[in-house]
Every structure is written in structure tokens, then in C-alpha cells.
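> below: sequence and its predicted model.
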Amino acid sequence: MKKISLVITLCLVSFLTGFAQNVQVIRINGGSMSGSSLSNVEKKEIGKAVMEFMYDYRYLKDTTDVTSESTDRMILQVGYGISKFSSYRAMQIDSLLRVSTTEQIEANPDRYIGGETYSIYKNYPTGKFTMTDKIATDWFLVEELIPEQQWTLTDETKEILGYQCKSAKCSFRGREYTAYYTDEIPVADGPWKFGGLPGFIMEVRDADNHYSFTCVGINSKADRAITMQEVSYNKTSRAKFYQTKHRYDTNPLGYLETVSGIKVNVTSNGEKRDDLSKPRELTYDYIERDWKNY
């Protein structure tokens, strides 16, 4: 089936001293949507990274097609008593948007699209996880107690970036995972929400190979601020967040119209595409599968 690839630029308005304001760049690809936005969003510093770890994040957008793999470069910033896991690509786009004009964005919208929108803050506030994410034009914040992961240590080993790593397995929120960790790095942390092992997690993947995180680079002399967007968040539970995300992912145009008040008309080769406003079934499941149980 031929895939749809359309770019829609919404709400392009004035710019001030080189900073684009209120910009929405949205791509529809095969019926799904992705995008970037900037509304002069301020950020607050909540810590300082002393080490940074780069990960290749891979996941299947269609679990029946192994060629549908998508990737993103993620960064784990580790500070004193706090860490943040987010998209390095999104970080780069945010910096680029801040120095681009509306005309530059309109001329090359692909340059401003990409990267996961979520961030995971560990031990912020103390003893809790905070996840922030964006659905369409709305920001969400989910706060939860640090989840306990029951790891079973195994005898399997492998080398990653020159570090000898041991293996461990656990069941977490609907998926079975295998992780590789090293005690040669004095940090008890890992990508996404993973942790709780006697060492640093260099790699983790689920048993179905739908999701994986692999460390590909380490900066042991980092000095970058750990920041959080200062926006008006919709504070919600993890289950309600996934329910809202599912509503958006299965009918993005309908969500934009009913929730965000944005009317979108899509055309392809001069013809209106009404089919994209109809709900669709997802060809994948979220990394946390247990949201359906609540």
C-alpha cells in the first residue's frame, strides 16, 4: 500500500528578533502524525549533568513488519541525585527553532520535525519519577513513585563499548526484558524508566524485539544543565495519559479538531482527503502495555 507523506504547517505567525513564535509543524505519514512546536517556551534548570550517555532507541511502528523500525538518538543526563532521559534529536530541534524565522521553517519543515517528545526525570521530586510528554498541542505531566523492578541476574555476558556487561531479566508493565549492565561505571541508572541493578544499564530490549535501548556513547565530563519545560501541564495519571495518547494516535485529525480546536483540511494531488479523519487501528502497542488494565 502506498504510504502518504504530507506536511502541514499550522499557525505560522509573526517572529521577533529571530525567534519563531507559535509554530506548529505537523507531518502525516501513513496516517500517523508527528510534529514540533515552539511558543517561546522557557525552561527551568533543575540540576546539572556530570555524565551523559547516548542511546540508540529502536522500536517497531508495525509489529507485523520488521522493516518498519524507527530510531531516535536519546540522551541520559546524570547529575547528583537526579537524571533526565530525553531525545537528543528533539533537543537539537528546539535549539534550531529558537534561531529560525517563520520563512525558514516554511521553506524546509522537515528540518524541524523529529525526536521523541517525552522526558523521564528520575528522583524528581525525591523518591519519584516525573514524565512529561506532548500530545498534539497539549503538554502532560505524570508523577509516580519510583517503580520497583524485580530483576533476576543471569550468567550471560557481552561487551558493549569496551565494558564487560552482565545480564539480568525482569517483567515490567506487560513486557519481558533482558538488560546488560556493567559495574565498571559508578552510576546505578539506565535508559527510560529502567534501573535497580548493581551497575549501569548499557542495553535493554524486550523479548519481542519491539523496543530496545543501546548505549553508543559516553561523556564522562559533562557540564550541561538538566532542564524542564516551563509550560502549563495537564497533570494526570499514567493510565489516563495513555488513554489520551491512544485517542490521538488512532484519530489525530479528529483529536486536533475536538480537543485543540484546530481545523485541518488535508489534500493530496489537489484532492481532499477525508479518509485521514477516520479512526484507525494501531499496528503496534505502547512500551507500557498495562495501561489497558486500569
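Done, it's in.
> strands of the stretch 51-200 of the chain, residue ranges please.
Taking DSSP state E, counting those that start in this stretch as the criterion, the stretch 51-200 of the chain carries its strands at 51-60, 69-78, 83-87, 119-122, 128-135, 138-145, 152-160, 163-172, 175-182, 200-206.
> low pLDDT regions in this protein?
By pLDDT under 70, the low-scoring segments of the chain are 1-40, 265-277.
> hmm, back to that, now mean neighbour count and distance to residue 250 too, for the strands of the stretch 51-200 of the chain, in TSV please.
Quick note: C-beta positions are derived from backbone N, CA and C, even for glycine. Below are the strands of the stretch 51-200 of the chain laid out as TSV (neighbours: other Cβ atoms under 10 Å; distance: least, Cβ to Cβ, whole Å):
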stretch	mean neighbour count	distance to residue 250
strand 51-60	20	17
strand 69-78	20	18
strand 83-87	23	23
strand 119-122	22	24
strand 128-135	18	12
strand 138-145	16	17
strand 152-160	11	36
strand 163-172	18	25
strand 175-182	21	21
strand 200-206	23	22
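> need the ones you listed in a markdown table (columns: distance to residue 280).
A markdown table is the format used below for the strands of the stretch 51-200 of the chain (distance: least, Cβ to Cβ, whole Å):
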| stretch | distance to residue 280 |
| --- | --- |
| strand 51-60 | 17 |
| strand 69-78 | 18 |
| strand 83-87 | 25 |
| strand 119-122 | 28 |
| strand 128-135 | 17 |
| strand 138-145 | 21 |
| strand 152-160 | 38 |
| strand 163-172 | 28 |
| strand 175-182 | 24 |
| strand 200-206 | 24 |
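> minimum distance to residue 284: which of those strands has it?
Judged by Cβ to Cβ, the one of the strands of the stretch 51-200 of the chain that comes nearest to residue 284 is strand 51-60, at 6.0 Å.
> can you name every helix or strand that that closest one contacts?
For strand 51-60, the packing partners by 3 or more Cβ pairs under 8 Å, 6 or more residues apart in numbering; DSSP states H and E come out as strand 69-78, strand 211-219.
> reformat those strands as CSV; add distance to residue 184.
Shown next, in CSV, are these (distance: least, Cβ to Cβ, whole Å):
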stretch, distance to residue 184
strand 69-78, 15
strand 211-219, 11
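> of these, which is nearest residue 186?
Proximity to residue 186, assessed across the helices and strands packed on strand 51-60 by Cβ to Cβ, is greatest for strand 69-78 (10.4 Å).
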